[in-house]
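A.B. asks: sequence plus predicted model, see below.
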Amino acid sequence: MDFTSIHRAVGAAPAPLTDDLLDSAVAAGAGETHDLDWKSQLPQMKALPQSEFPKDVAAMANNGGGLIVYGVTEVQKAATGRVDVGELHEGYERALRSAAITAITPPVFGLKIHRLGTESAQNRAVIVEIGPSVDGPHLIYKNELFGAPIRNDADTVWMKERQIEAMYRARFDERKHAADALSAMFSETSAGRSTFERAWLIGVARPRVPRLLGRMDRDDARHILKKAVPLALSYATSSGIHPLENVDALNPRPGLRRWVAVNAATGERQLWKEAWTGILHDGSVTLAAAVGGHRMTRDEYFEGHQIEGRAIECAIADLMALLRKTAEATGNDEYEVQVGIEWSGGEPLQILTVDGHGLVYEGVSTPLHRFAPVEVSIAARGSDKDFHRHTYELARDCVNQGGLSNLQLIQNPMSTNHAE
């Protein structure tokens, strides 16, 4: 659920932005603030990069995010009425996002664009929602000149040199903090795993700017896990071992600021596919899955240092599906992801591949004495195809590290049709 400056203006609880909510704000004469800007008309599409739009977006991003509302008249910064802005077609929406990327440095990603009102009522409005950014200061260039806009209560002003300096320092500090937090989450997730018996894939993902909308309950976690399974199977087929199918998804247990889906593959003959997942209240997710020592036949098993490439693919597909569904439920967007393989035995890791029938093991990787963790930044709420591509590329980076060229289960979405 969203909680924005409009909700705050009318004293509303978190809920989606609606036409009625905007009407209430206008009727109350809500005033502009550091995170709310009234505009009567949309700028011309062809002139978007040269209009005030990039400056307004950058100012909001530099000040923690906010809303730009098109279709509201104002007098002395207070809303006075609604005015129709016309139809917002798909091309114009793409132009808005493009202007936030090409006319601002560094780009502002993840704009949310809301369409309210109806043509019959002649009250169509457009709300551009800008999230908080950790990449500030965002700069606007005009020929050879540049500046960093920022909201000062209801006005947009230009930062002074010391403000710009402080924001750069905050950016660098945040990056270090985010890297340390991700590394700590990785270490915590890998702690206690039987890495001396079999290799484990550890995957963690953390929002760059967590949106804390309250603690999720068990039903929320259960719903996320339920929706993540079919999405993971759409990325990597069911011919492999999926960690999400080996956890107790129906009964997640409380942990430290999280819900934990504990391992359901119990018993000596099942431990080779042991798995654990976690969904944190801030939108972070964790996954730990045994990928070494999988079963070859009914009574034969690989060694703990031997990993099927498709086991890596399935684990990454599950991690990414869990990430996407958690992001949707918590309102998070940009994530930092780290995936590694932990093994404390004496033999070097081997990543195995199979033939087209999945029967004959015809190759192993270059022996790996250490698997270097793979780190990527991902827009978790981008298009289905873009997110599928991120999943493919992350899995490919992992198996490439072992000397394998191709994935077996996850198809390249740029060459196939994919629908979530």
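C.D. replies: Yes, it's here.
A.B. asks: restricting to C-alpha, output stretch 338-356 in CSV.
C.D. replies: Backbone C-alpha positions of stretch 338-356 (Å, rounded to 0.1, in the frame of the first residue of the first chain) are rendered in CSV as follows:
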residue,chain,number,x,y,z
GLN,A,338,24.7,-11.1,-4.3
VAL,A,339,25.0,-14.8,-5.2
GLY,A,340,27.8,-17.1,-4.1
ILE,A,341,28.7,-20.8,-3.6
GLU,A,342,30.1,-21.8,-0.2
TRP,A,343,32.2,-24.9,0.0
SER,A,344,34.7,-25.7,2.8
GLY,A,345,35.9,-29.2,1.6
GLY,A,346,39.3,-29.9,0.3
GLU,A,347,38.5,-30.7,-3.3
PRO,A,348,38.0,-27.9,-5.9
LEU,A,349,34.4,-27.2,-7.0
GLN,A,350,33.2,-28.8,-10.2
ILE,A,351,30.1,-27.6,-12.2
LEU,A,352,28.6,-30.4,-14.2
THR,A,353,26.6,-30.2,-17.5
VAL,A,354,24.5,-32.8,-19.3
ASP,A,355,23.6,-33.7,-22.8
GLY,A,356,20.4,-32.6,-24.5
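A.B. asks: what separates that stretch from the chain centre, distance-wise?
C.D. replies: For stretch 338-356, the distance from its own C-alpha centre to the chain's C-alpha centre is 27 Å (Cα atoms, centre = their mean, to the nearest Å).
A.B. asks: what is the mean pLDDT for it?
C.D. replies: Per-residue pLDDT over stretch 338-356 has a mean of 88.
A.B. asks: what of stretch 166-184?
C.D. replies: pLDDT averaged over stretch 166-184 gives 92.
A.B. asks: grab the nearest non-local neighbour of A170.
C.D. replies: Nearest residue to A170 in three dimensions, chain neighbours excluded: G136, at 7.3 Å (Cβ to Cβ, 6 or more residues apart in numbering). From N, CA and C alone the C-beta is placed, and that goes for glycine too.
A.B. asks: where exactly do the helices run in the stretch 101-250 of the chain?
C.D. replies: Counting by DSSP state H, counting those that start in this stretch, the stretch 101-250 of the chain has these helices, from start to end: 161-190, 218-235.
A.B. asks: go on, the stretch 251-400 of the chain?
C.D. replies: 309-330, 384-400.
A.B. asks: and those: which comes nearest F53?
C.D. replies: Closest approach to F53 among the helices of the stretch 251-400 of the chain is made by helix 384-400 (23.5 Å; Cβ to Cβ).
A.B. asks: least confident secondary structure element in the chain?
C.D. replies: In the chain, the helix or strand scored least confidently by mean pLDDT, DSSP states H and E is strand 361-364, which has a mean of 60.
A.B. asks: returning to what we had before: which of the helices of the stretch 251-400 of the chain is buried the deepest?
C.D. replies: Most buried of the helices of the stretch 251-400 of the chain, by mean neighbour count (mean count of other Cβ atoms under 10 Å): helix 309-330, with a mean of 27.
A.B. asks: so which elements touch that one?
C.D. replies: Here helix 309-330 touches strand 200-207, helix 218-235, strand 275-280, strand 285-290, strand 334-342, strand 350-354, helix 384-400, going by 3 or more Cβ pairs under 8 Å, 6 or more residues apart in numbering; DSSP states H and E.
A.B. asks: wait, isn't T118 in contact with D84?
C.D. replies: No: the pair T118 / D84 is not scored as a contact, 9.5 Å apart, by Cβ atoms under 8 Å.
A.B. asks: between those two, which contacts overlap?
C.D. replies: Shared contacts of T118 and D84, defined by Cβ atoms under 8 Å, 6 or more residues apart in numbering, are found at R124.
A.B. asks: and stretch 245-265, how far from the chain's centre?
C.D. replies: That offset, for stretch 245-265, works out to 21 Å (Cα atoms, centre = their mean).
A.B. asks: T118 and D84: which has the busier surroundings?
C.D. replies: Taking other Cβ atoms under 10 Å, T118 and D84 do not tie; D84 has more neighbours (15 against 11).
A.B. asks: in contact with the more buried one, which residues?
C.D. replies: Contacts for D84 (Cβ under 8 Å, 6+ apart) come out as G71, G117, Q122, N123, R124.
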